[in-house]
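Novice: Provided below are the primary sequence and the corresponding predicted coordinates.
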Amino acid sequence: MKLTNLICASVLIVAGSLAFSQTAAEIAKKSHDLPDGKTSSSMAVLTLIDKNGKTRVREVASYKMNEGDIKKSVMVFRTPKDVAGVSYLSFDYPDNPDGSPKDSDSWLYLPAMKKVRRVSGSSKDDDFQGTDFTYDDIGERSLGKDTFAILGEESVDGTDCWILEYTAKDKNAKISRRIYWIGKDNYVTYKGEYYDKAGKLKKTLACEGITQISGYWVTQKMTMTNVQNKHSTIFESKDHQFDKPIDANYFTVSALERELLK
């Protein structure tokens, strides 16, 4: 009887763990798939702050368009003059039928070089144009790149959240795991932590101004802080528009090369 009870208990533990993992994956998918309109556009002010408190400010225009399962986005730096015209185009795809990740296609245009270069998958954990946000942070990181677990529950600024852990399947990933506080009522991220390959805390994310605009959830202010080098970036967005016509030609490599979005 004791052996039988032990076996039954083990089966229940394993079954419970599987259900827990499935729930974590489900939450991650709902957060990842939050509706964001057929098209959207916004302006953003990026403030870069070094460890001595010195600031640099960038103004960026952002455009997005969903074509079927493909999410297309383009970001264009408008000011200051030394970065004006720098553009980033990305096509994000759904995962493969077997659940494995399908990497995005991404291109970066640098006006000073009059050249477009492709951003490889191995570079997606690199910092985006001197900010503390990576290419993955500003895009749509594939769910197939991670495994998921619920670490607990906690309230953030009065909002009940799941604490969800995303662990990178790639053992060589620069960010080994991410922890997000995801709202139970809306699946929006309220804060985050990012850990390096050694398992040490590298960055923290604070989200503010979370609201609905035209029925879509928007985070109007995000502050990413690198706790290791004491550098931070504040991303403040405004002038959000959804489901308004946007020229499909914006989302092409040739548009970057011809600087059509200046």
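Specialist: Everything's here; your move.
Novice: Please report the distance of the nearest residue to N66 once chain neighbours are set aside from G68.
Specialist: Residue nearest to N66 in three dimensions, not counting chain neighbours: K38, with 5.5 Å by CB to CB, 6 or more residues apart in numbering. Every C-beta, even on glycine, is put in place using the N, C-alpha and C of the backbone. Plainly put, K38 is 11 Å away from G68 if you go by CB to CB, to the nearest Å.
Novice: Which of these two has more residues huddled nearby?
Specialist: Taking neighbours as other CB atoms under 10 Å, K38 and G68 compare with K38 leading, 14 against 6.
Novice: just checking, that one touches K64?
Specialist: No. Taking CB atoms under 8 Å as the definition, K38 is not a contact partner of K64, at 9.2 Å.
Novice: ok, how many other residues are close to the nearest residue to A173 once chain neighbours are set aside?
Specialist: Distances taken as CB to CB, 6+ apart place D125 nearest to A173, at 6.1 Å, with adjacent residues excluded. Neighbouring residues of D125 were enumerated by other CB under 10 Å; the total is 18.
Novice: Equivalent analysis for S100, please.
Specialist: Other residues lying near S100 total 11 when counted by other CB under 10 Å.
Novice: ditto for the one 5 residues further on
Specialist: By the measure other CB under 10 Å, the count of residues near D105 is 16.
Novice: List the contacts of it.
Specialist: When contacts are counted by CB atoms under 8 Å, 6 or more residues apart in numbering, D105 touches S90, F91, R118.
Novice: same check, this time on R178
Specialist: Taking CB under 8 Å, 6+ apart, one finds D146, E165, Y166, G192, E193, Y194, Y195 in contact with R178.
Novice: hang on, the earlier thing: what residues does the residue nearest to N66 make contact with?
Specialist: Under the criterion of CB under 8 Å, 6+ apart, the contact partners of K38 comprise M65, N66, D243.
Novice: got it, and T167?
Specialist: When contacts are counted by CB under 8 Å, 6+ apart, T167 touches D146, T147, F148, A149, S176, R177.
Novice: Next, count neighbours for A44.
Specialist: 20.
Novice: Okay, strands next: where are they in the stretch 51-200 of the chain?
Specialist: Listed in chain order, the strands of the stretch 51-200 of the chain (DSSP state E, counting those that start in this stretch) span 55-67, 70-79, 87-92, 105-110, 115-118, 146-156, 159-168, 175-183, 189-196.
Novice: To E26, which of those lies closest?
Specialist: When those are ranked by proximity to E26, the top entry is strand 146-156, at 8.8 Å, counting by CB to CB.
Novice: Buried residues, the closest one. List them.
Specialist: Across strand 146-156, burial judged by 16 or more other CB atoms under 10 Å covers D146, T147, F148, A149, I150, V156.
Novice: Quick check: beta-bridge partners of the fourth one?
Specialist: Put plainly, it is A149. Here A149 sits in beta bridges with E165, going by DSSP bridges.
Novice: Roughly how far does it sit from E165?
Specialist: The gap separating A149 from E165 is 5 Å, by CB to CB.
Novice: Any chance you could list residues touching both of those two?
Specialist: The overlap between the contact sets of A149 and E165 (CB under 8 Å, 6+ apart) consists of A24.
Novice: pretty sure K244 is in a helix, no?
Specialist: No. K244: not assigned to a helix; according to DSSP: H, G, I helix; E, B strand; the rest coil it is coil.
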